[in-house]
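Enquirer: Predicted model and sequence follow; I will ask about them next.
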Amino acid sequence: MKKRKPAKTLNLILTGVGGQGNVMASRVLAGMLVDAGYVVTIGETFGMSQRGGSVMSHLRVSPDEVKSPQIPAWGADVIVALEPLEALRVLGVYGNPDVCVLSNTRPVYPIGVITGELGYPSREIIMEKFSLLAASAWMIDATDAGVRLGNPVLSNIVMIGALAETGLLPFNRGMFAKEIKKTLPPDKLSLNMKAFDEGRAMIRQESVALKNL
Amino acid sequence: MKQPGAQARLKKYVLRQSLCTGCGACVGMCPYQVIYKDRTVQLFDCDLPEGRCYTFCPRTPTDYNALEKTLFDPRDLTDELGPVRGFFLARAADAGLRLRAQHGGTVTALLGLAMAEGLIDTALVSGRNDEGEPQGTLVADKGELAGYAKSRFIVSPTVAAFNRIDAKDREKTGIVATPCQAQALAKIRTAVIDGCSQAQSVGLVIGLFCGWTLAAEKFRGLLERFFIPFADLDAMDIPPGFNMLELRSSEKTLLMPLDEVDEYVRGACRYCVDSTAQFADVSVGAARCGMDPGEMRGWNQVIVRSLRGEKLIELARQKGALEIREAPAGALRELKEAAAEKKRQGLENIVAKSGSKKNLLYLKNYGPAAGKRENR
Amino acid sequence: MNKLLSPDKSTVLFLGNEAIARGALEAGLAVATGYPGTPSSEVIESLAGVAARRNLYVEWSVNEKVALEVAAAASFSGLRAMAVMKQNGVNVASDFLLHLIASGTRGGLVLVSCEDPGALSSVNEGESRYFARMLEMPLLEPADFQEAKDLTKWAFELSEEIRNVVMLRSVTRMSHASGNVVCAKLPTKSRRAKFEYDGPVMDSQTGPMISTPVVAKHRLHQEKLKTVEALFEKSPFNRYSGPAKPKLLVVTSSVCFLYVREALSMLGLERDVGILKLATTWPLPPRLLERNLQRAEKILVVEEVLPFLEENVKVLASAMAGRIGVKTFFGKYDGTLPAAGELNPDIVARAIGGIMKVKPKTPPASYLAEVKKAAALIPAREQTFCAGCPHRASFWNIRRAIALDGREGFVCGDIGCYSMAALSPATGYNTMPTLHSMGSGTGLAGGFAKLSAFGLDKPVMAVCGDSTFYHAVIPALINAQHNRADITFIVLDNAGTAMTGFQPHPGLPVSALKETVPAVDIACVCRGIGAKVAVADPFDIDGTSKILTDYLAEKGSVKVLILRQACALSPEKKGKKTFNVRVNEELCLGDACGCNRLCTRVFRCPALTWDSARKKAVVDEVICAGCGVCVSICPQNAIVKAQGNM
């Protein structure tokens, strides 16, 4: 796996469903990268439009310049999805043959699926679409890891740990530890580090990698 | 475009057309429909293409002739009264019961007998809920039956209570039914649901003669004008010989000319063609024909319709539960004339609503009009 | 340490709204007020968090008009003050604003309007920039995060220079985006408040603060605007970048500047197209415009949403046509760009590419074909009430009551999370056909109720949230009571301004500064008006339905039902479950039940899902908030609850 160090702007999209900790994850990532000397721009949408709906944060990591808070179409380098359907949705607008995808496996069913009006693609189909639309893709059950650690909302930290392990973004465990100390109360730190490490371990297990070119 | 589901059709063809009789046939099977203040209410939309609500409703299109021929001996069928195997006057042998009953106490006596003889375990009669509104009530103790013996001229959603009974217990349930309710029960008996016939699922049906019922909410308003709380209303009757509705509470008795009552009659009753509960096993009404009114008071006219009904009456004779006497000459003819008049009016109103003599709304292949029956 | 107080010269990742707050702190802000509204709320929220350290007075006001009045009082007393609101909040404040501009101000007073092009979190995409022109008020628009801070700071200086209010306009993609900001010094001295009014009537610094004599003060104000123009000519926030003689000049402002820059990079046109980025967008500095419009024959104006800048540039260009020649303008008027909805780099790239005859790059056709195939498999994700949301239960009760009543009653909607009942009708069980501005549901309901004489004989309801109640509902409610309008008014009281992040409001015993304050009780207010009032728990389906059904049947004037249940995301509830809810699989008959999936098909809770393989309902424990309402809707009693962890 090659390490990426952005000489040009790196575009990451963090997506999921309202309430999954998307905003928090994007700010933690951005905080680390600002400290590392990058010019970071995050575009977020939150508020009522996101109740139960799709959420997206656009993270732009530039060596020198403020970027548009909206990434152009077909312009993502990395997609991190807390919900697999949302990864697919984002690929359909921001994907390109070089994009890398890291996705949680656990579905959050849209209301239309719950009512029976719409269908939800199977895990196999989602994985197949990832392999067709992305250069690399990883799927991990981050929600399950969060539940095992005592709170499903930790899945976003599990995903950050997994992202660190993929090497797609220039940050590491030490930077993460420093970053969360700024915002989290001391008693929450070790649990979050555990979640981070859990994510790293899940990527290391080759069995969970769908495809890693 | 998706076809409207059963619930939507029920709304379009029955509820919106003021054809709903409030019998309760579409209620009690799902969380979507309830009876509230005498109205059938659709709480939420159900999109099932077929549903028992639509199938069971006595005012959705029904092959009338086929229904009669399936349930009764075709040789018994008459134009005016439907199946008739026997006709006579009766009253409960128990004088105490007669006192507490609307007329002769025949219905209560028959139910009590059926219970005592194990033909049925429970009786489903018209009672009241905590708000004083009519509702189907299950009675398992025959001693309690007499408490439900009075009529209040308001349809109770009795069939809804029937729908709530466990399938296995239905056969051992006796039901007191108005003509529309009896028709709903007939449709329930003949329905084929998920490939299964429901034929064995309905117990004994004792029908009540019925010329019309009152629209409960409007009538409640009327009573309030006369300072009679609905819950205090003890009894209602149309005594033979008077064109008056008699309203009795513990405090007072009120007489109201029938043409004034007309305004309070339930709209759906105007489109009814059955005044004698043609789909019951036994139909019972007040005796009011051919005799001195004074002497008739306290007797019932009884029509035996089915084999099951005949057996029950036979048992009542043997056990002495009923006093039975032959109907006076001309009584049957008078009853037939009255029933035919109700049919004529009902059909006239139906044609007025549909706008065509060929469209009889819910009546498909309807007996006299279809002209397929021999007169007896 | 709170990052808003980061030291001089430090680089911090600020949300656009935090950058505005920091700019105000660097300017020596004393008083900040606002009413919560996306995308503006974080300005006041972040200032409230540092109020004690910076000796600020910060308040969540009852509405935007009062917010501006409270801030103006500080300005009249020589302090620097700021009022913050979303775009339509400026409409609410505009009556006072009109008179405020006429009277003038003293201490620096900045009105911050955070707008929402594309209506991402609004039910309008209103533009308050036109207020600047209509009310003659200087307008500043930052184009990035550093500018958001620096321009805010300068806005206070400008306000004191001209002794009048200055408007700073942000948009969602700025307010709710984050970027690097280099901080400057925070002042160490604070001013003392002093209100003088004995001076001459024409002296806004010592005389009475009034708008009269109107014409004389109006004339004086217009003279001041000449000063503003002169300052804007020299402003370092207005910049040209690109070749000296570009083939196309793009005039832009706000976050659209970043879109234009991105678009040029996408198209590879950085050497062909120039950008004039304006931060001072009203009044426009004419000489600056003249210098730059001369550069090119073709001019494209890029802005959100309406062609405000385009119009103002064209007015100047026509006046100076003799000197700069006749230009070809592209923008909203000729359809090069849409005048509805927000922009993004792709829309701007298509517009510039269209003029310059260059196409933006796209992935290979084979990739796009696969994308198309995948898109067909992706179900839409409709907005809905959260798991455990009290509004779902409230609308369930409302729907039942309307059905039982049988006269096809309806609800007039209002602004809050419960607006979803109108935005996604099935979510509100098809009960709420109107939705407009704060408080207007009650006003409309009062109007509908008066139409029975004209044949509209349906029971009329209005809903509003607890915060909305105080904001603008009270006058409409009094109107309904006074005019004997027969309405059922329902307060969906979820104990906070939930949609924008649980800001306190007058009904709560706590202020923005976390001080204990007296709570204004909604029930008492309604009783004071003379209305009949009941309070219920929407999770009690039977009890609430009964009250509502009785209310609808009852003739009278205003009947109030307060439905109290805290928001599922509220700090006191979040992460805790009142009940552990599960489906008893033996009792759930699934497809064989006559229920036709009432629980999942109709009820629509994101946590109550359908196992299509086993054809039974199932509770997703990760999503379930444990409210237990679904227990009472299953006709088979197959959904069961046990005591949870709350």
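Expert: Okay, I see it.
Enquirer: Who are the contact partners of the residue nearest to C:A401 when sequence neighbours are not counted?
Expert: Counting by C-beta to C-beta, 6 or more residues apart in numbering or on different chains, C:A401 lies nearest to C:L548, which is 3.7 Å off, once chain neighbours are set aside. Just so you know, the C-beta spots here come from the backbone N, C-alpha and C atoms, and that holds for glycine as well. Counting by C-beta atoms under 8 Å, 6 or more residues apart in numbering or on different chains, C:L548 makes contact with C:397-398, C:400-401, C:488, C:490, C:561.
Enquirer: Now A:T115: closest residue in space that isn't a chain neighbour?
Expert: In space, and not counting its chain neighbours, A:T115 is closest to C:R601: 4.9 Å by C-beta to C-beta, 6+ apart.
Enquirer: I figured that neighbour hits A:G116, correct?
Expert: Yes - C:R601 lies in contact with A:G116 (C-beta atoms under 8 Å); the separation is 5.8 Å.
Enquirer: Now do the strands in chain A.
Expert: Assigned by DSSP state E, the strands in chain A fall at A:10-17, A:39-44, A:54-62, A:78-81, A:100-104, A:136-140, A:209-212.
Enquirer: Go through the residues of chain B and report the one nearest to chain A.
Expert: B:D47 (9.6 Å; C-beta to the nearest C-beta).
Enquirer: tell me, how many neighbours does the residue nearest to A:T115 end up with?
Expert: When neighbours are defined as other C-beta atoms under 10 Å in any protein chain shown, C:R601 has 19 of them.
Enquirer: would it count as being in a helix?
Expert: Yes - the assignment for C:R601 (DSSP: H, G, I helix; E, B strand; the rest coil) places it in a helix.
Enquirer: Next one: it from C:I101, what distance?
Expert: Between C:R601 and C:I101 the computed distance is 55 Å (C-beta to C-beta, to the nearest Å).
Enquirer: now C:A495
Expert: C:A495 sits 38 Å away from C:I101, going by C-beta to C-beta.
Enquirer: who's in contact with the residue most central in space within chain A?
Expert: In chain A, the residue lying closest to the centroid (C-alpha atoms, centre = their mean) is A:V80, at 2.5 Å. Neighbouring residues of A:V80 by C-beta under 8 Å, 6+ apart: A:12-15, A:25, A:102-103, A:159, A:163.
Enquirer: Switch the residues you listed over to JSON lines; also include pLDDT.
Expert: Compiled in JSON lines, the contacts of A:V80 are given as follows (pLDDT from 0 to 100):
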{"residue": "A:L12", "pLDDT": "97"}
{"residue": "A:I13", "pLDDT": "97"}
{"residue": "A:L14", "pLDDT": "96"}
{"residue": "A:T15", "pLDDT": "95"}
{"residue": "A:A25", "pLDDT": "94"}
{"residue": "A:L102", "pLDDT": "97"}
{"residue": "A:S103", "pLDDT": "97"}
{"residue": "A:M159", "pLDDT": "97"}
{"residue": "A:L163", "pLDDT": "97"}
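Enquirer: Dump those into JSON lines; add neighbour count and distance to chain C as well.
Expert: Listed next are those as JSON lines, based on neighbours: other C-beta atoms under 10 Å in any protein chain shown; distance: C-beta to the nearest C-beta, whole Å:
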{"residue": "A:L12", "neighbour count": "25", "distance to chain C": "14"}
{"residue": "A:I13", "neighbour count": "28", "distance to chain C": "14"}
{"residue": "A:L14", "neighbour count": "31", "distance to chain C": "13"}
{"residue": "A:T15", "neighbour count": "27", "distance to chain C": "11"}
{"residue": "A:A25", "neighbour count": "22", "distance to chain C": "13"}
{"residue": "A:L102", "neighbour count": "27", "distance to chain C": "18"}
{"residue": "A:S103", "neighbour count": "31", "distance to chain C": "14"}
{"residue": "A:M159", "neighbour count": "32", "distance to chain C": "15"}
{"residue": "A:L163", "neighbour count": "26", "distance to chain C": "18"}
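Enquirer: Among the residues you listed, which one sits closest to C:R173?
Expert: A:I13 (15.1 Å; C-beta to C-beta).
Enquirer: list the contacts for the closest one?
Expert: Contact partners of A:I13, counting by C-beta under 8 Å, 6+ apart, are A:56-59, A:71, A:76, A:78-80, A:90, A:94.
Enquirer: Show me which helix runs longest in chain B.
Expert: Criterion DSSP state H: the longest helix present in chain B is helix B:331-354.
Enquirer: Wasn't C:D95 part of a helix?
Expert: Yes - looking at C:D95 with three-state DSSP, it is inside a helix.
Enquirer: That one and C:K65 touch, don't they?
Expert: Yes - contact criterion C-beta under 8 Å: C:D95 and C:K65 qualify, at 6.8 Å.
Enquirer: more neighbours, those two?
Expert: Ranked by neighbour count (other C-beta under 10 Å), C:D95 and C:K65 place C:K65 first, with 23 against 11.
Enquirer: check which helix or strand covers that one.
Expert: Element membership for C:K65, per DSSP states H and E: helix C:64-76.
Enquirer: The helix or strand following that helix pairs with which strands?
Expert: Downstream of helix C:64-76, the first helix or strand assigned by DSSP H and E is strand C:81-86. As defined by DSSP bridges, the strand partners of strand C:81-86 come to strand C:31-34 (parallel), strand C:109-115 (parallel).
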